[in-house]
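Undergrad: structure for this input, please:
(chains A and B)
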2 protein chains.
Amino acid sequence: MEAKKNISIVGAGLVGSMWACFMAKKGHNVNVFERRGDMRVKEVDAGKSINLALSTRGWQALKELGMEAELKKIAIPMKGRMIHQEDGTQDFQPYGKEGQAIYSISRGELNKALMNRADEDSNSVFHFDYKCEHVDFEHKTLKFSTHDGEIRTISSDYIFGADGAFSAVRYDMQRTHNFNYSQQFLEHGYKELCIPPNADGTHKLEKNALHIWPRKSFMLIALPNLDGSFTVTLFLQFKGKESFETLDEDHEIIPFFEKYFPTALQHIPDLIKDYKENPTGSLVTVKCSPWHYKHACLLGDAAHAVVPFYGQGMNAGFQDCYVLNNLLDKYKDKEWEDVFEIFSEEHAKNGQAIADLAVRNFIEMRDDTADDHFLQRKKLELNLMNTYPDLYKSQYQMVTFTTEPYYDALTKGDEQTDFAEQLLNEFPNKEDWNNSAFDKKVRNRFLVFKISDKHREYFYLFFKCINK
Amino acid sequence: MEAKKNISIVGAGLVGSMWACFMAKKGHNVNVFERRGDMRVKEVDAGKSINLALSTRGWQALKELGMEAELKKIAIPMKGRMIHQEDGTQDFQPYGKEGQAIYSISRGELNKALMNRADEDSNSVFHFDYKCEHVDFEHKTLKFSTHDGEIRTISSDYIFGADGAFSAVRYDMQRTHNFNYSQQFLEHGYKELCIPPNADGTHKLEKNALHIWPRKSFMLIALPNLDGSFTVTLFLQFKGKESFETLDEDHEIIPFFEKYFPTALQHIPDLIKDYKENPTGSLVTVKCSPWHYKHACLLGDAAHAVVPFYGQGMNAGFQDCYVLNNLLDKYKDKEWEDVFEIFSEEHAKNGQAIADLAVRNFIEMRDDTADDHFLQRKKLELNLMNTYPDLYKSQYQMVTFTTEPYYDALTKGDEQTDFAEQLLNEFPNKEDWNNSAFDKKVRNRFLVFKISDKHREYFYLFFKCINK
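TA: Below is the predicted model of the structure:
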């Protein structure tokens, strides 16, 4: 039996609360320190999106904690994107094969469920209104300012920074030797609006879809909530001709929506109120490396804040917990600080990959989803996935419906996309996507692909043999 | 007459001291706050390189302050690189045309000269042992901890952060909205060693050169000092087979130098002592944008820390002072915060360009300078510069011997390098570099180049005319 360790986790958001569950389950003494109040007791304005898309990586971690069934009950499957074109037509693009979906879930309810789960374990204690002021990595102490104005210093064996994109733990880590770091803001910001339910509690738009109104340099999206409403998010540039800067007054806001989003506008009764009352958020990408320093380790947004366009921010954070938990099991005999190093060396490139993929997906969502060539390629990819389920996975599918490392999804996915483009070039007509020339081309490609991927060594040994 | 402003400058290094001169000259009340003691009174370990290469951009700013003649006296011209090959041969590569040189100068002496110059002006006051703890951008106040353990709060109209690569001012700016930032460490570190003078005070190696011992993944360089000594710097990876990690004991250090740097080793009597006593420095690149926030503005390394391989860190910082000083003159009627925005929008890309160029030059210095093809291209470029002085400038020349924006030097320089490669491909023999086919090719190229650069509009109007 491993010795009990004193664990401090900074941040009781989604990732911090999940990590508390994993650590408590292992029998350690866990203290979680949260800057805000307890969201289970009072309304807390997290200044963050109301609902999120949960997909395979997130479910994998929740399953490990035995929480899958409980949470499926409050999650709404979204089977694809519903594209609302400028001419008013709608186009449904499935995310994957039949039966695959991503799930819209309330950030608040999911967070509360994870906190409750951690609280059920007597090993873990939450402390609210604790703002992290300083980390002393040498002495493994954290300094917090608390609600009563006092400064409290906490000692621990290990420190986890799960305190989000503007992490205080990372902020102090940034001043240590050889810590590579970048933060990059998009020129776009976001604002949340609301489509309320019908009088009978049903949804005003297709419930099982993520709705997108792509308009090139900006877009609107909507995710369904359990109560029949949709949370709508406008992504728009901060500055420029049509921007948050220029859309400020009623007489500017309404015509903008009438012009670009009439099919959404009709369902948003309190547009002006929502627009003026809700804050304009900014969109930041944070990358860093390494993710650890001495006895401290970063998890989730603190290690890799990503823009929301791949719906992977939370999933990536949950996967961090799953991966690190497994590494701690695998390397039971090592010191944790050495396991943190392995974690960082193996996994940090995945955080950087999903950060890049998320920025790319913004362009895809707001721009390409309205593009004919792109739509045709998506159809071809769907055809490939259905006809050759063992051979072909699109980048989107690898990211969303597998737990393969993001870095592999990025690199392999790019190869797959190139191949789909080649096929589309050679077989532009949908009618040819099942003929024998097409089939041969696909099978040849993946023969090579599979060998280069897995069997290279055997192949090499084989040739060595026959050349003797 | 402009109203006097209260100016706070954080950092009394090279750039902070120079900016104090510029601000005091304009008649403002200047207070400079320095974390360390006064280097004019006591030995201060700045933990930085002993001598630096001063080139055209730096001289331009010093000239503006009337300090050129005074400083030329303590600067040693370096007319080119002296490459010490592995086989012991030496190869001299001129930096530019006849008469062009970069100047080795003592960091300490230059800094003292700038401080003395600022002190001569009754408008400026230096405060030592003032460590910046916090910047309140809203209230334009700075909080310092002082040597006596007190905390002092200073109010001012404008704040300048000239506090280096790990700037405290920038650190607080980093938490403001939409501040893009990155810090990236090289896998290499550096350590300073010393070649003392001959008994008669003369230099043991060619005095008017920057010496390089390029050895692919690592290198040694040496810059001359006035007292006949050379400051030698070893650039080496932190980790790996041959690295600072593995070269720790006497029996590891000596054989390494014997193997790779025998021609240097014979001149470094105190190798082991130098190696063990001098710290191993790290090499960081910092980029950020914007360079200002409200009434505060960054200058020098605080805005753009670069690795030392182009010898441009100080020169870039001095150019910041020169450029901002001119912009404040040009836009006399604007608020300074608006001038900071112009400065940042026009100039931040130059900081990013020199940061990229400096990393590239590391590869050139340690690797390419020992490469035959590279050396041949350098010779071709020198030939072009001498034969077509008005047409051809290499990237190195634009960076080092002009004051053109670094961004232009980066982009135009890449085009020039491509062209030199084309020429070398077509005219591999030195004998052909003056023949008529060569000449025609060059002149044709620069006809287009010049038009595309400056005369495009006239050309366009001309064609519009004849097409009427």
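
Undergrad: pretty sure A:L186 contacts A:F362?
TA: Yes. The pair A:L186 / A:F362 is scored as a contact, 7.4 Å apart, by Cβ atoms under 8 Å. All C-beta spots, glycine's among them, are computed from the backbone N, C-alpha and C.

Undergrad: pLDDT score assigned to the residue sitting nearest the centre point of chain A?
TA: Nearest residue to the geometric centre of chain A (Cα atoms, centre = their mean): A:Q312, 1.6 Å. We note a pLDDT of 97 for A:Q312 in this prediction.

Undergrad: tell me who's in contact with it.
TA: Residues in contact with A:Q312 (Cβ atoms under 8 Å, 6 or more residues apart in numbering or on different chains) are A:55, A:57, A:306, A:354, A:357-358, A:399-400, A:406.

Undergrad: nearest to B:F374 among those?
TA: Checking the contacts of A:Q312 against B:F374 by Cβ to Cβ gives A:L357 as the nearest, at 37.1 Å.

Undergrad: that closest one: neighbour count?
TA: Using other Cβ atoms under 10 Å in any protein chain shown as the criterion, A:L357 is surrounded by 24 other residues.

Undergrad: try the one 3 residues further on
TA: A count of nearby residues for A:R360, using other Cβ under 10 Å, gives 16.

Undergrad: and the gap between it and chain B?
TA: For A:R360, the distance to chain B equals 18 Å [Cβ to the nearest Cβ, to the nearest Å].

Undergrad: please identify the helix or strand for the closest residue to chain B within chain A.
TA: Here the residue of chain A nearest chain B is A:S182; by Cβ to the nearest Cβ that distance is 3.6 Å. Element membership for A:S182 (DSSP states H and E) is strand A:180-195.

Undergrad: please enumerate the helices of the stretch 301-450 of chain A.
TA: For the stretch 301-450 of chain A, the helices defined by DSSP state H, counting those that start in this stretch occupy A:301-304, A:313-330, A:336-366, A:372-387, A:395-401, A:406-426, A:436-450.

Undergrad: looking at those, which is buried most?
TA: Mean neighbour count (mean count of other Cβ atoms under 10 Å in any protein chain shown) peaks for helix A:301-304 among the helices of the stretch 301-450 of chain A, with a mean of 30.

Undergrad: by contact count, what packs against that one?
TA: When contacts are defined as 3 or more Cβ pairs under 8 Å, 6 or more residues apart in numbering or on different chains; DSSP states H and E, helix A:301-304 sits against helix A:168-173, strand A:281-289, helix A:313-330, helix A:336-366.

Undergrad: need the contacts of A:Q312 in JSON lines (columns: pLDDT).
TA: Shown next, in JSON lines, are the contacts of A:Q312 (pLDDT from 0 to 100):
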{"residue": "A:S55", "pLDDT": "97"}
{"residue": "A:R57", "pLDDT": "98"}
{"residue": "A:V306", "pLDDT": "97"}
{"residue": "A:I354", "pLDDT": "97"}
{"residue": "A:L357", "pLDDT": "96"}
{"residue": "A:A358", "pLDDT": "96"}
{"residue": "A:V399", "pLDDT": "95"}
{"residue": "A:T400", "pLDDT": "96"}
{"residue": "A:Y406", "pLDDT": "97"}
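
Undergrad: okay if I get those as JSON lines plus distance to chain B?
TA: Below are these laid out as JSON lines (distance: Cβ to the nearest Cβ, whole Å):
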{"residue": "A:S55", "distance to chain B": "29"}
{"residue": "A:R57", "distance to chain B": "27"}
{"residue": "A:V306", "distance to chain B": "16"}
{"residue": "A:I354", "distance to chain B": "18"}
{"residue": "A:L357", "distance to chain B": "19"}
{"residue": "A:A358", "distance to chain B": "17"}
{"residue": "A:V399", "distance to chain B": "25"}
{"residue": "A:T400", "distance to chain B": "29"}
{"residue": "A:Y406", "distance to chain B": "21"}
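
Undergrad: out of these, which is nearest to B:A69?
TA: Of all these, A:V306 has the smallest distance to B:A69: 55.5 Å, by Cβ to Cβ.

Undergrad: spell out which parts of chain A neighbour chain B.
TA: A:166, A:174-175, A:177-185, A:238, A:282 (Cβ under 8 Å from any Cβ of the partner chain).

Undergrad: need the max-distance pair from those.
TA: Among these, A:H177 and A:F238 lie farthest apart (Cβ to Cβ), at 35.4 Å.

Undergrad: among those two, which residue is more densely surrounded?
TA: A:F238 (17 against 10).

Undergrad: quick one: contacts for that one?
TA: Contacts of A:F238 by Cβ under 8 Å, 6+ apart are A:187-189, A:244-245, A:280, A:282, B:178.
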